[in-house]
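In: Here is the input, now give the coordinates:
(chains A and B)
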Amino acid sequence: MTRINLTVDGMKVSDDVEPRMLLVQYLREKLGKTGTVVGCDTSNCGACTVHLDGESVKSCNVLAVQADGHDVTTIEGLAKDGRLHPVQEAFRECHGLQCGFCTPGMIMQSIDLLNHNPQPSEQEIRVGLEGNLCRCTGYHNIVRAVQYASGQLVAAAGEAGGVAEEVTPA
Amino acid sequence: MTAVEAQPMDTKEIGRDRRRKEDARLITGRTRWTDNLQLNGMLHLAMVRSPFAHARITTIDTRAAEEATGVVAVLTGEDLADTQGACINAWAITTDQVTPAHPPMPVDRVAFAGETVAVVVARSAAEARDAAELVEIDYDELPAALDLKEAAAASAENGGALAHPDLGTNKSAFWRFDSAEAGTGGDVDEAIAQAREDGVVLEREYRQQRLIPAFMEPRSVVVDPTGEQITVWSATQIPHILRFALAATTGVPESKIRVIAPDVGGGFGGKLQQTPEEMIAFAVARRLGKPVKYTETRSESLLSAHHGRDQWQKLTLAATKDGHVTGLKVELLADLGAYVALVGGGVPVLGAFMFNAIYKFPAYQFNCQTVLTNKTWTDAYRGAGRPEATYAVERLMDELAAELGKDPLEVREMNWIKHEEFPFTTVAGLEYDSGNYEAATARAKELFGYDDLRAEQKRRRDSGDPVQLGIGVSTFTEMCGLAPSRVLGQLNYGAGGWEAASVRMLPTGKVEVITGASAHGQGHETAFSQIVADRLGVPFEDVEILHGDTQVVPRGMDTYGSRSLVVGGEALVRAADKVIEKAKPIAAHLLEASIDDLEFKNGRFGVRGTDQGLAIGEIATASFAAHNLPDGVEPGIDADATYDPVNFNFPHGTHLCAMEVDTETGETRMRKYTCVDDIGVIINPLIVSGQVHGGLVQGIAQALWEEAVYDDSGTLVSGTFTDYLLPTAADTISFDIDHTSSPSTTNSLGTKGVGEAGTIASTPAVVNAVVDAVRHLGVDDIQMPCTPERVWKAINTAGSGGETVDAAVPHLSTEEGQA
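Out: Predicted coordinates:
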């Protein structure tokens, strides 16, 4: 067992963990942060994506001991004072989720993408989300959600074909 | 009820793109996935799975595992043989179907690689998994039936490998539909013979590769036996069917079992199953008297959760020289895998009525032989039978057009049912209630820029551009809204196809709605709220949809086959109408008016000619207090309804796909995808768009990327997400979608199912486009998935048409099939 001290969603925590314990297991099993989920065992799906010191990581690919002394943000730590993070709001607005299982990772990765590139093109969004799998949406509305969050779309209600219209050409 | 149905309904919610009620918890991580559950004293399971496709279990040594830290028990098939129940097949497609027994954990023989042989129970999941490595099992390998065609030909006499040697055959069932025998059309053999004389005969063989549903949430089950009832939480699409199967096969009274499907992360048919893992967890929990949890790894999911598709399709199409189809003969081999799953051989039968699609074929015959092999069992995957049928016929219509030098849309229009001909009884005996193929096609052509893309295709062809452009067409229909119970009975299915709903009017004016449909991502809570809000004239926000718990929802048939809206939605409407009917005499009494003078509009009973009235919520409150009810009227205006559909439901659409193919490398790139689906009246356009987009990508993925591959010893080599290629955002494009609407005439809302439409339609559109891009090089087929390697090979063996034609098997004769 190894002692680790870290901050998760603004809370200081300290635990003894097995050296082999993955960060995602620590979050789910020790802290009850079940908003972060496990979708695969080969680090392909990205469902477990969290931020480590503000940068996205797949938490199945990080040992809990590697997070010692660092700051972790999960999907549960995004909303502040009852207000959704703009990317959370965008996913809801643009119907960027269906079953919602990939959503925590997809939102965390999208935030990271926008942190690095606030006005991404459609292709940059698609490449930026390549490490996150979704089986429900066909990615169409996830891409719209990221465009919306970046201010490149306005919602257009009542349209049968889609949800949002582009403000600027992609 | 007729009077109620005639009530004017305000439709301010229906048609509105409401943001989803479900999302608030899903985007904040406030979720209830089964694996999130923790119960006091809960134990964790790990499965020990067979590495062999077919082997006799000789010894199982559990001692080392039992001694490992934290291990509570190690149990084998023998230990649980009397209590584990059985995995059932609900649909024996013929009375003489050969159906191997399917114990959740086999006792002496494994029939596919990945089958569970022992279960380790420990304090933590990690300890269970560690100890699973210590279980020593000796196997004697047996010959494995792996290749579908070889398995179909194998017998005890010819020494071919048998998936279950004691059965003496791999053939499970032979199912035929013949339009001449059924009286719904002519004799297909005569049509083919005639076309050989003076028309066109196309003979093709297509492969429906094996696919894996690959829902994002791995399956998980928690069983808590500590109360009076045994509570089962499972990541399932079918809590009600699971509860029935648990009770029916273990002897535990159904009333002692509660099944809950909490948040479920996708299914696509893959969670339409009574799984061995659920049965094992149930048996272990009962044996140990402690709550247990089992959550599969992704690799276990890909290996042992049921797969989909996997057919060889031999097709013979007869037509006149001007392009009128005169007959279609279909001969299928369908791979069941190691067991006949819950729906099992019924999956190809669900396609039997759809090979004639939107067309007026005068003669049709469908033959299907289901075959057992030593591979993962197969069952429903999004579309279930209908994508296979649609693929075959839509590929053939493009082939016919090419053969005749006509535009593929022209050949389709020559053969399709005209909009003024509905309702139309097809050669397969189904009555299509409504549709307008002309309108959807015209809109799709316009949106796609069909003529411009054809012109570009010609330019590239003329200039010898190494990157060629192909245009693929798919004008699909499907039968969904499963299903009229009487029809299911005629097909020998084990259950009905109705759906149940209840509407509870709470004294505070809020409305609780209970539906037997069991959502796992579809957005029922939102769409169903819209329906009920309009029907009862109450605010959208005041409606709460409850589902997925057999204790809350006593009756239900669950969610699959694009049935939730068209069957479950109709049940909601009828329950809501009954509420209004029950409230009416109370309203009349309180308003001191005659019932005949009341009209119900916008949620309010008004007295005609006056401004007097009471809202339905006020009636609910009055009925709850029950201080002043008419004589003989019982308190409460809640109502239940169970709806059994009168017919299947037939959405349709025109899908157009443009693919660029690099003729030098075989690489393909999707240029444009346009679809116009007619799904009747749309409840929520936003949710519909999501269903279409997601469906499209699953169908496109079959065309281009996905395939479950086994090696020669029966090991699944596409057993991780590194090897089984789910598309990513970078592989896909944005789609152009629109809708035309010919409302269904068989449900009161005029809706049609949309859950499977995109998947059913898109696969042939993509492959048609890829083939169209290189047809001038002598290619007339490329086996799915159309990887760069396969495309390159097809181009470079031009003329032979790639690998599928060489692999053609002879037609199945009746004798063979029934043997």
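In: Helix, strand or coil: sort out B:Gln273 for me.
Out: The three-state label given to B:Gln273 by DSSP: H, G, I helix; E, B strand; the rest coil is coil.
In: Can you tell me the closest non-neighbouring residue to the residue of chain A found nearest chain B?
Out: Closest contact between chain A and chain B, by CB to the nearest CB, is at A:Gly35 (1.8 Å). Just so you know, the C-beta spots here come from the backbone N, C-alpha and C atoms, and that holds for glycine as well. The shortest distance from A:Gly35 to any non-neighbouring residue, by CB to CB, 6 or more residues apart in numbering or on different chains, is to B:Gly29 (1.8 Å).
In: check contacts around the residue of chain A closest to chain B.
Out: A:Thr74, A:Ile75, A:Glu76, A:Pro104, B:Thr28, B:Gly29, B:Arg30, B:Thr31 (CB atoms under 8 Å, 6 or more residues apart in numbering or on different chains).
In: Just give me the neighbour total for residue 137.
Out: This is for chain A. 29 (other CB atoms under 10 Å in any protein chain shown).
In: meant chain B actually
Out: B:Ile137: 20 neighbours (other CB under 10 Å).
In: Wait, it touches B:Ile57, no?
Out: Yes - B:Ile137 is within contact range of B:Ile57, at 6.5 Å (criterion: CB atoms under 8 Å).
In: where do the contact lists of the two overlap?
Out: B:Val117.
In: Check chain B for the residue nearest chain A and tell me.
Out: For chain B, CB to the nearest CB, closest residue to chain A: B:Gly29, 1.8 Å.
In: Would you agree that residue is in contact with A:Thr73?
Out: No - the criterion here is CB under 8 Å, and B:Gly29 misses it with A:Thr73 at 11.3 Å.
In: And the helices in chain A?
Out: Remark: helices assigned in chain A by DSSP state H are A:23-25, A:86-93, A:103-116, A:122-128, A:140-149.
In: most packed of those?
Out: helix A:140-149 (a mean of 27; mean count of other CB atoms under 10 Å in any protein chain shown).
In: same for that one, what does it pack against?
Out: The contact analysis (3 or more CB pairs under 8 Å, 6 or more residues apart in numbering or on different chains; DSSP states H and E) places helix A:140-149 against helix A:86-93, helix A:103-116, helix A:122-128, strand A:153-155, strand A:164-166, helix B:685-704.
In: For those, which has the smallest mean pLDDT value?
Out: Mean pLDDT is lowest for strand A:164-166 among these, at a mean of 46.
In: tell me the domain boundaries of chain A?
Out: A:2-77, A:86-159 (automatic domain parsing).
In: Quick one: closest of those domains to B:Lys256.
Out: domain A:2-77 (28.9 Å; CB to CB).
In: how many neighbours does A:Ala79 have?
Out: A:Ala79 has 16 neighbouring residues, counting by other CB under 10 Å.
In: separation between the most centrally placed residue in chain A and A:Pro118?
Out: For chain A, the residue nearest the mean C-alpha position is A:Met108 (1.8 Å; CA atoms, centre = their mean). Per CB to CB, to the nearest Å, A:Met108 is found 17 Å from A:Pro118.
In: Ok, B:Lys149 next?
Out: For B:Lys149, the distance to A:Pro118 - CB to CB - is 56 Å.
In: same thing with B:Arg210?
Out: 43 Å.
In: Settle it for me: which of those two has more neighbours?
Out: Regarding B:Arg210 and A:Pro118, a neighbour count based on other CB under 10 Å identifies B:Arg210 as having more, with 24 against 11.
In: I figured the more buried one hits B:Glu706, correct?
Out: No - when contacts are counted by CB under 8 Å, B:Arg210 is not listed as touching B:Glu706 (9.1 Å).
In: Quick check: B:Cys657 vs B:Arg395, distance?
Out: To B:Arg395, B:Cys657 is 13 Å away according to CB to CB.
In: Can you pull the residues that touch both of the two?
Out: B:Asn768.
In: Comparing these two, which residue is more hemmed in?
Out: B:Cys657 (30 against 24).
In: between the helices and strands packed on helix A:140-149, which one is nearest to B:Glu541?
Out: helix A:86-93 (15.3 Å).
In: Point out the other elements, helices or strands, that that closest one touches.
Out: helix A:103-116, helix A:140-149, helix B:23-26.
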